[in-house]
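Peer 1: Quick one: sequence and predicted model below, then my questions.
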Protein chains: 2
Amino acid sequence: MEIATVFVVVLWVFSFGGAESMYMVYNTSQGIVPDKLNVHLVPHTHDDVGWLKTVDQYYVGSNNSIQGACVQNVLDSLVPALLADKNRKFIYVEMAFFERWWKDQSEAVQLTVKQLVSSGQLEFINGGMCMHDEAATHYVDMIEQTTLGHNFIKKEFGVTPRIGWQIDPFGHSAVQAYLLGAEIGFDSLFFGRIDYQDRAKRKYEKSLEVVWRGSKSLGSAAQIFAGAFPENYEPPSGFYFEVNDASPVVQDDPTLFDYNVQERVEDFVAAALSQANITRTNHIMFTMGTDFKYQYAHTWFRQMDKLIHYVNIDGRVNALYSTPSIYTDAKHATEKSWPVKTEDFFPYADRAHGYWTGYFSSRPAIKRYVRMMSGYYLAARQLEFIKGRNKSGPHIDLLADALAIAQHHDAVTGTEKQHVANDYAKRLSMGYVEAEKVTSSSLACLVDSISCTRGRNAKTEFQQCPLLNISYCPPSEIDISDGKNLIVVVYNALGWKREDVIRIPVTNEDVTVRDSAGRVIESQVLPLSENYMNLRNYLVKAYRGQSPSKTPEYWLAFSASVPPLGFNTYTISRAKTKGASSARSSVHSLRRGEKSTIEVGHENLKLTFSAEEGKLTNYMNIRSLVNESIQQSFSYYAGYNGSDESPQSSGAYVFRPNGTFLLEPAKKDLLTVIRGPIIDEVHQQINPWIYQINRLYKGKEHVEVEFTVGPIPVEDGIGKEVAAQITTNMETNKTFYTDSNGRDFIKRIRDYRTDWDLKVNEPVAGNYYPINLGIYVGDDKSELSVLVDRAVGGSSLVDGQIELMLHRRLLRDDSKGVAEALNETVCIDKKCTGLTIQGKYYYRIDPLGEGAKWRRTTGQEIYSPFLLAFTEEVKDNWMSSHVPTYSAIDSYSLPDNVAIITLQELDNRKVLLRLAHLYEMEEDKDLSVMTEVELQKLFPGKKIGKLVEMNLSANQERSEMEKKRLGWKVEEESVTKTTSRGGAVDPAKLVVELAPMEIRTFVLDFDQTFSTQVFDA
Amino acid sequence: MEIATVFVVVLWVFSFGGAESMYMVYNTSQGIVPDKLNVHLVPHTHDDVGWLKTVDQYYVGSNNSIQGACVQNVLDSLVPALLADKNRKFIYVEMAFFERWWKDQSEAVQLTVKQLVSSGQLEFINGGMCMHDEAATHYVDMIEQTTLGHNFIKKEFGVTPRIGWQIDPFGHSAVQAYLLGAEIGFDSLFFGRIDYQDRAKRKYEKSLEVVWRGSKSLGSAAQIFAGAFPENYEPPSGFYFEVNDASPVVQDDPTLFDYNVQERVEDFVAAALSQANITRTNHIMFTMGTDFKYQYAHTWFRQMDKLIHYVNIDGRVNALYSTPSIYTDAKHATEKSWPVKTEDFFPYADRAHGYWTGYFSSRPAIKRYVRMMSGYYLAARQLEFIKGRNKSGPHIDLLADALAIAQHHDAVTGTEKQHVANDYAKRLSMGYVEAEKVTSSSLACLVDSISCTRGRNAKTEFQQCPLLNISYCPPSEIDISDGKNLIVVVYNALGWKREDVIRIPVTNEDVTVRDSAGRVIESQVLPLSENYMNLRNYLVKAYRGQSPSKTPEYWLAFSASVPPLGFNTYTISRAKTKGASSARSSVHSLRRGEKSTIEVGHENLKLTFSAEEGKLTNYMNIRSLVNESIQQSFSYYAGYNGSDESPQSSGAYVFRPNGTFLLEPAKKDLLTVIRGPIIDEVHQQINPWIYQINRLYKGKEHVEVEFTVGPIPVEDGIGKEVAAQITTNMETNKTFYTDSNGRDFIKRIRDYRTDWDLKVNEPVAGNYYPINLGIYVGDDKSELSVLVDRAVGGSSLVDGQIELMLHRRLLRDDSKGVAEALNETVCIDKKCTGLTIQGKYYYRIDPLGEGAKWRRTTGQEIYSPFLLAFTEEVKDNWMSSHVPTYSAIDSYSLPDNVAIITLQELDNRKVLLRLAHLYEMEEDKDLSVMTEVELQKLFPGKKIGKLVEMNLSANQERSEMEKKRLGWKVEEESVTKTTSRGGAVDPAKLVVELAPMEIRTFVLDFDQTFSTQVFDA
């Protein structure tokens, strides 16, 4: 009634336009009103760090024919829009963009923005370089990319983000909630995508907002308030205000036609009441923005100003400018209790046949590249620290940036356009080149025994082999002759001494391998098979522009033993006598159908193959008394092509199989058995485009399976998704376990969800889960574990069986926006063939309860393989003139259940250290216990001056974080096992306790006066 | 070379991104460099004052689903963009939008904008309320809408626009060039659309830029520098920088990928050289903008900043921020000579089959409405002045605004969407309602003889009949009975005494008409035919919601005689005696085929119809001895529907006939002849959807043809465009004459253009020209003239014949953007039928050289018909208690060759007066001479205190304008006839001289102390 009067008066005053002033000041100052429904308008933009365009293209706004998007516009226009009204607020999320923008700004603008941040008008939330994916990412990468962003924010603005904002990733992981949420110090975590069935139930029960306890080991000690949005992260329908958006603007000028204030207020109130109806408390959030919006921020704020003004005059609901922090505090202030959520939100389906489980495996090559670089980065930071960081470069920061960006939920996921995938790969490659300079120079300084911190360089020049995965390693392919030997320095980034077999391509089979003491050690030469050679030559030509000049014919294998955080040196020379030469492998081919079996393996582990059936039949470990009948198989799923009735196709995001087809090996195919003292291999050409090697190493009790898949034929117009199965007779009762981002294992039950009664629409795709570390099944006597070399989708679709999706080649886009079919090719001279994928997985069968140790330890070894550096020994005796072996921690060794996941010298010469307990509670009878690390022993020769425990992203002291942390009440406190955490570190003793699954982050100051550089010359 | 070095250095400094500052300051300060090619970047937006959306929708940015466009964004974002760099410039054109925006702004913003205007960063050009059309507009409307905008600019900013900017209208008129260009005081005129053949030749000859002399009467005294753009008014291809535009942005950050400065500089230089190649002098203009662009102005300026910076470093061409003023001054400074252009740029074709001659006739109803309102507005301003302007309203300003907007080149043109056409009509209607209050009250004050300037109101209440055109006039349809008579006050807006026949619907045929002296005067009652009744009832129901309650059966006709700028009063009462009653008409129907002729006409003019052929056969004027065989016909053009090979359809813009079909009257059709003392009429039902009346008035020597066309049948899937022909045996030698915006007549020759050798692709459409006043043909002894009641397309496709396009109904869009077929309908209860058009044209045959006087005088009468106001006389004797007759200029009368085209009281009580000489030089042997107006006699009872002669838009003194005007050299000064202009006005004598075609504009101050209000009571 009041409002009607107001309008009439206004109309009267301005009934004749002319030049009478209509200047309106809108009242946007409203705060929370306790007894009303509070509608928190949260202005935001969601800026993908690469998707349809590259990150740089999104930033500068180029390539707009693909997608109209320019982050520079967003940030440029935001500043004046916030200055125009101090009540306006905005959140910014992706630091990769913000950092690009920040360095373009004048000091005046920077000062203004600092004021906007300090006043709370502009708030950074999430704050990593990107909004990382949660399915195909490794927890170390998630931590690193978040730390990078948080560090930037801290440095430039002195603030710490409070809120997790994973609004777009396609499902949500337990590690995200407890590790990248609670352990970061976030007070809440918001996201947009959960299963449509789950969402429906949660709406009905008003349980979209919960207290999420992601880790069973840490329980309520690492819980977070978490909210799933009712629909998505966009505004209510009809409230989009980007330039040219079609939503009705609030037309409040009575001198113009189409005055619509009343209708718009009604629309707003209706949307608010509808959302209130599925939300607890009188606070709801309108996410006012979406992908790349606010290119002209003014357009949104102008409309929101009007809505707040008129809706509050109307008075039925209370509208206010807000942020997720304000919203979280408001929720907290209600002192309500919330439902508890455990485990995770995988898999994600947005509709009956829309299971977003394809991206767990999409673009397996880039997934592997990211994982390789992740391990390499960790080692490189160690070597940089050991040598001492050089301000003038080369830098590892470029690789850090590239890796950070690659964690984006359209990067490592494989859901970006091909040219964008290429961009990520290019960035990784450029970052690697710089990092390699650091690692090579650090190793050179170590072997040359000089201090390189003062700009001096070592004499030794190392080469490395990033393309060893495709059998391409020019430094090892040199012609070894008298007086010219090959030196291999082997670096071990793990905190334990370790033995692993090294395989490098060589051109000569008459070679001798010596250890650092000059002793000849056992080695083996294996033939380099023709398909490997062809693939190598094709890919080198395609990616480096010309075919390799040399063609090594052999693999040389030998076992290296390396101290923790250290290296050992091996010399490869021409064998002077037959006896000193590497052992040649025996090669035996079995034509299928021969009525015989063949057994391979060196000591405890034996695999039996049936020549008649052409396949593996038995797995036996003599030591552990495991003896299981076992089979391996390949199959493919036909990618659903979409139809009028059911348009959803299988694509980069969505896995929608249209039938399963077993790939039976052709009758005439061979089993080729290669045997030797170090390695036994069984090669199988499964079909013209699948090749498999089962590889057993002396001294290891697991099987390494190397697969080569591709080019997947699609000439029949049908996309194919190729999976491998390992099948046993174990009675696994629909149950299997998959890791969460390489950390906690979560129990999965086929065709079942913990949180709701699952309606099964997709019996295959709906049971797929993301795997980063491994997957295992068990029965009452044993457990079968599989570890992976990259992010991959997997399941156990049949009891006793584990399945991994290895490669996907599809011909249709799956309508989730990428607008390209996932059809990767490799081209030479414009002739393209489907991409061939090479990779490995590892499996082992243990007695029940004994698998964890292998999974955790070998998992670390897969993540952090030996780093090999090559150089030539010419004439002089290398070993006598160089440091042949070294450990940064001297005689210390980390406990078996601890890994150093970060060891990095910071800008300010301080050191960032993260230690991770590798086991969950009750995972291993010996290792799932509180453990200790003696810090001073980690830094021999240095005196730790100051030690500060930090939150996970190292942007605040842990104690401060704990102090600020909001406590949340839960509805029914279930009886959970007592969890524990390590205690405070005594500055005198410097012993760090780590409870199961605990990661502790420290910043250390060394007492520089005390420092004695080990190699100071 | 230099630039390469710069880039290398930059790359080196920033080779590692991080947070190093990349803040760039671009050098945009470059001015003109005399010895280089200067590329004038002219940032502009082209904002249609209604087209696909209404003017208000464009302003606020609603209805974006139709077209993403929001002028508010443009102007909002412009201010900070200009403030960010003082070298940036922008031009703004359409004041209808700017005025809306201006009143929304705070004082602070207004102050800032005033500074931007005064510094020249923001320049208003063109500066009318809209960018008016040039084909379907009347010169009075063009002047009025320009004056309205210019007055706003002058009032708020104290500046006068210097440049004409008609970049989008579809062809360009002579009146635009000399009257709305030179006479406004513009120094140049730019436009985008000229015939593609003309453009090609002009590019080749570098004659896109010319000195245009639009009037043969005023010649070089009213010339203007005029430039046609080489392509359109958009930026060079690849230089579009709106949010989300696909043109490559200048990526000059070497730390990001896709650095492209060199390529973009190359593109820019190439575009500049290409344009320089077709342009004289070393100045070219890049029109940096297009329709509704600069919604986020920053996006354009950021890129232009970079282009100017890097292009000038490159140095091959000189790029600068500029405006058309700066460009014009630069052209002028070169002191080059330019080709002379005379006549106009009609018709416009953008390709072989794309003649934009359809819009000359599209939406004939709105064209008529605009013309009616234009004449009404002129009269209303007079009556407002006579009564004295009342500040508190009612106001005529609303009608002024509505009329101004209706002149837009997608308004009166008929090329807007239907909903937008409705919007224009609504605005006119609302404006009319207010204006009617002013005219009724002014007449009431005059008849009641009271001064109404001091808030007093007259007793008399007048009603008017805006729907008289559809025979709907409730005040005249009252039941006249004893003691209740109808008073009709007839106002004459012309400067001459005038007699014209009035026709009003009445319910009774026994009526008497008396003049103001009480004398019974001759009158006639005619039957109101059934089709008129049906159409009236249908339209009233459709537009007013309910059918009229009464149904008059008759027209009452009588001749009114009214003094100049004054009124006379007539009384209509029930006839008391048979003898005093109106004459009844004789009605005689001739079935076709009867072997007889029939002659109609009162005195000198006689038309002969053949009953056998069912049509007109002869035209004879006894006085002038003209006797011509004559025929009338109707035909339709089938609208081309577009095909794959030739996609251009006939539509709102384009006339593309696909065959001509003569509409032969059916055999059985009747000629109905109605005769009486005042009017003779011959009615013909041509076919079921065409009805025609030839009407002859006693005392007039021309024929009024009233046509009713529609609903045009389209059930056959073919759109139809209906034309009428008048055919004589005159030998007109391909030549005909059409007016320019109702003013100068231009000679047209069929299949010929003055400026180039025409390739004839469309023999019909390519010979169509716009007509606002009339069209005539002649041979060696006589001339046939046709005058029109609205803008219409016409031609002479056959010697001796004149053709007018009356109505168009089409089923395809013609791909010029409107995206609707021109298919107007009228609906009742969702049942729609094609729109029926009713209208008139007038023709006459004169001896050679004698037609001008009729065309000019009758043209004025058609434009300014009598304004009729009705009231009832109850009991008392009206004539004795009221002022029965009046002239604002007492006994004075304007010369026959002069019209008052503006008489308006301004805000400041000053008076704006425009006097127009109606004749061209050599048009009439008596009237094409210098003439005089005695100003003081125009204002009896008032003393002219001060008289200032102004430019046409009255925003500056004429003398100032002449002083500033740039002189231009022409290539070959052709021998032209001496032109003349009236001399300065002697302030003592106050006599205004007017040369042929001259319009002079004055602002008068009356000495208020002297003023004696004539009717002050």
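Peer 2: Ah, there it is.
Peer 1: Next secondary structure after whatever helix or strand residue A:375 lives in?
Peer 2: Secondary structure here is read from DSSP states H and E; on that basis residue A:375 sits in helix A:364-387. Using DSSP H and E, the next helix or strand after helix A:364-387 towards the C-terminus is helix A:397-406.
Peer 1: so after that following helix, what's the next helix or strand?
Peer 2: For helix A:397-406, the succeeding helix or strand toward the C-terminus, using DSSP H and E, is helix A:418-448.
Peer 1: Give the closest residue to whichever residue of the stretch 601-750 of chain A sits closest to chain B in space, chain neighbours not counted.
Peer 2: Of the stretch 601-750 of chain A, the residue with the smallest distance to chain B, taken as Cβ to the nearest Cβ, is residue A:652 at 22.7 Å. C-betas here are computed from N, CA, C, even on glycine. Closest residue to residue A:652 apart from its sequence neighbours, by Cβ to Cβ, 6 or more residues apart in numbering or on different chains: residue A:822 at 4.2 Å.
Peer 1: burial count for the one you found?
Peer 2: As a burial measure, the neighbour count of residue A:822 was computed by other Cβ atoms under 10 Å in any protein chain shown and equals 27.
Peer 1: A helix includes it, no?
Peer 2: No: inclusion of residue A:822 in a helix is not indicated when DSSP: H, G, I helix; E, B strand; the rest coil is applied; the result is coil.
Peer 1: Wait, it touches residue A:834, no?
Peer 2: No: counting by Cβ atoms under 8 Å, residue A:834 is not a contact partner of residue A:822; they are 11.1 Å apart.
Peer 1: Quick one: mean pLDDT for the helix holding residue A:375?
Peer 2: The pLDDT scores in helix A:364-387 average 97.
Peer 1: So residue A:513, which state does it fall into?
Peer 2: The three-state label given to residue A:513 by three-state DSSP is strand.
Peer 1: which ones are touching it?
Peer 2: Contacts were defined as Cβ atoms under 8 Å, 6 or more residues apart in numbering or on different chains; by that measure residue A:513 touches A:520, A:521, A:522, A:523, A:556, A:558, A:570, A:571, A:572, A:582.
Peer 1: Distance to chain B and secondary structure added to these, as JSON lines?
Peer 2: Output for these, formatted as JSON lines (distance: Cβ to the nearest Cβ, whole Å; DSSP: H, G, I helix; E, B strand; the rest coil):
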{"residue": "A:520", "distance to chain B": "46", "secondary structure": "strand"}
{"residue": "A:521", "distance to chain B": "42", "secondary structure": "strand"}
{"residue": "A:522", "distance to chain B": "45", "secondary structure": "coil"}
{"residue": "A:523", "distance to chain B": "42", "secondary structure": "strand"}
{"residue": "A:556", "distance to chain B": "38", "secondary structure": "strand"}
{"residue": "A:558", "distance to chain B": "39", "secondary structure": "strand"}
{"residue": "A:570", "distance to chain B": "35", "secondary structure": "strand"}
{"residue": "A:571", "distance to chain B": "37", "secondary structure": "strand"}
{"residue": "A:572", "distance to chain B": "37", "secondary structure": "strand"}
{"residue": "A:582", "distance to chain B": "44", "secondary structure": "coil"}
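Peer 1: Neighbour count and pLDDT added to the residues you listed, as JSON lines?
Peer 2: Putting those into JSON lines (neighbours: other Cβ atoms under 10 Å in any protein chain shown; pLDDT from 0 to 100) gives the following:
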{"residue": "A:520", "neighbour count": "16", "pLDDT": "94"}
{"residue": "A:521", "neighbour count": "16", "pLDDT": "96"}
{"residue": "A:522", "neighbour count": "14", "pLDDT": "96"}
{"residue": "A:523", "neighbour count": "25", "pLDDT": "96"}
{"residue": "A:556", "neighbour count": "25", "pLDDT": "97"}
{"residue": "A:558", "neighbour count": "23", "pLDDT": "97"}
{"residue": "A:570", "neighbour count": "22", "pLDDT": "97"}
{"residue": "A:571", "neighbour count": "21", "pLDDT": "95"}
{"residue": "A:572", "neighbour count": "25", "pLDDT": "95"}
{"residue": "A:582", "neighbour count": "28", "pLDDT": "89"}
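Peer 1: Out of those, give me the two with the largest separation.
Peer 2: Put simply, by Cβ to Cβ the two of these set farthest apart are A:522 and A:571, 14.5 Å from each other.
Peer 1: who's residue A:190 bridged to?
Peer 2: Residues found in beta-bridge contact with residue A:190 (criterion: DSSP bridges) are residue A:165, residue A:227.
Peer 1: so it makes contact with residue A:229?
Peer 2: Yes: because the distance of 6.9 Å satisfies Cβ under 8 Å, residue A:190 is recorded as touching residue A:229.
Peer 1: which neighbours do those two share?
Peer 2: A:167, A:285.
Peer 1: So the residue nearest to residue A:652 versus residue A:69, what's the distance?
Peer 2: As defined by Cβ to Cβ, to the nearest Å, residue A:822 lies at a distance of 22 Å from residue A:69.
Peer 1: and residue A:491, that one's in a strand?
Peer 2: Yes: the secondary structure assignment for residue A:491 places it in a strand, going by three-state DSSP.
Peer 1: Show me what from the stretch 401-550 of chain A comes close to chain B.
Peer 2: The stretch 401-550 of chain A comes close to chain B at residues A:401, A:423, A:426, as judged by Cβ under 8 Å from any Cβ of the partner chain.
Peer 1: Among those, filter down to the buried ones and hand me the ChimeraX syntax, if you would.
Peer 2: When burial is assessed using 16 or more other Cβ atoms under 10 Å in any protein chain shown, the buried subset of those is captured in ChimeraX by this command:
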select /A:401,423
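Peer 1: Looking at the residues of the stretch 401-550 of chain A next to chain B, which one is closest to residue B:925?
Peer 2: residue A:423 (81.6 Å).
Peer 1: quick revisit: which among the contacts of residue A:513 gets closest to residue B:46?
Peer 2: residue A:556 (73.0 Å).
Peer 1: got a pLDDT number for the residue nearest the centre of chain A?
Peer 2: For chain A, the residue nearest the mean C-alpha position is residue A:137 (1.6 Å; Cα atoms, centre = their mean). pLDDT, the model's per-residue confidence, is 98 for residue A:137.
Peer 1: Could you do residue A:668 as well?
Peer 2: Listed pLDDT for residue A:668 reads 65.
Peer 1: sec struct for the closest residue to residue A:984 other than its chain neighbours, please.
Peer 2: Spatial nearest neighbour of residue A:984, chain neighbours left out: residue A:949 (7.6 Å); criterion: Cβ to Cβ, 6+ apart. Three-state assignment for residue A:949 (three-state DSSP): strand.
Peer 1: what about residue A:949, neighbour count?
Peer 2: Using other Cβ under 10 Å, residue A:949 has 17 other residues around it.
Peer 1: swap in residue A:708?
Peer 2: Residue A:708 sits with 21 neighbouring residues when counted by other Cβ under 10 Å.
Peer 1: give me the number of residues near residue A:255?
Peer 2: A count of neighbours around residue A:255, defined by other Cβ under 10 Å, yields 19.
Peer 1: and what of residue A:596?
Peer 2: By the other Cβ under 10 Å criterion, the neighbourhood of residue A:596 contains 10 residues.
Peer 1: got any ranges where chain A has weak pLDDT?
Peer 2: Counting by pLDDT under 70, the low-confidence segments of chain A come to A:1-21, A:453-455, A:482, A:592-593, A:666-669, A:974-977, A:1009-1017.
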